[in-house]
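Q: Here is a sequence together with a model predicted from it:
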Amino acid sequence: MKKTTKTTRTEKKEQALACLKRLQVAKLYIEDFEQSDKVYVFENRYGYPAQGNEDVFVKLNEIERKYKCLVYAVIHSEMGFGDCYNFLLVPDDPEDWEWLLQSNIARHSVLAYVWNRSYEANSEMGTISCLSLAGGLTRAA
């Protein structure tokens, strides 16, 4: 039987900050998250506060409650299979942290909850591929 290990918000935030740094996002985004818990939505590499998009902010809070995780960034992407918001997150169980972020220069495989606004039934937890570009993020696949 798997032992369930709970982590504090502070421990998850430390992991999230490490991910933001490895993702090479601009210092402003990292500092806002570190000091004010401000999560940014990245569209075409540039970020705006998630609080600026009510639907996304409500979904972010819902995901954090449901999965007991910490969302640290969101990437908006128009994919062939729908309008997706990719919530990059740190799960509650540290055994899952090995999947947080795998990097190969500017391309990363990141743990995320993908909210498919076009087809809600296709929303799911998993890993996505994203790119670090000019201090911002974009989904690659």
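A: Ah, there it is.

Q: Now do stretch 108-118: distance to the chain's middle.
A: Relative to its chain's centre, stretch 108-118 lies at 8 Å (Cα atoms, centre = their mean, to the nearest Å).

Q: And for that stretch, what's in contact with it?
A: With contact meaning Cβ atoms under 8 Å, 6 or more residues apart in numbering, stretch 108-118 is reached by 19, 22-23, 55, 59, 63, 67, 69, 71, 75, 81-91, 96, 99-103, 122-132. For glycine as for every other residue, the C-beta is placed from the backbone atoms N, C-alpha and C.

Q: Grab the CA positions of the helix or strand of the chain with the lowest mean pLDDT and hand them over as CSV.
A: The weakest-scoring helix or strand in the chain, judged by mean pLDDT, DSSP states H and E, is strand 101-104 (a mean of 82). The C-alpha coordinates for strand 101-104 follow below in CSV (Å, rounded to 0.1, in the frame of the first residue of the first chain):
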residue,chain,number,x,y,z
LEU,A,101,10.1,19.1,-15.0
GLN,A,102,12.4,17.3,-17.4
SER,A,103,14.5,19.7,-19.5
ASN,A,104,16.5,19.6,-22.7
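
Q: Could I get the buried residue list for that strand?
A: Neighbour-count burial for strand 101-104, counted by 16 or more other Cβ atoms under 10 Å, picks out residue 101.

Q: ok, residues contacting it?
A: Applying Cβ under 8 Å, 6+ apart, the set of residues contacting strand 101-104 is 19, 22, 23, 108, 109, 110, 111.

Q: Are any of the contacts of stretch 108-118 buried, and if so which?
A: 19, 23, 59, 63, 69, 71, 75, 82, 84-91, 100-101, 123, 128, 130-132.
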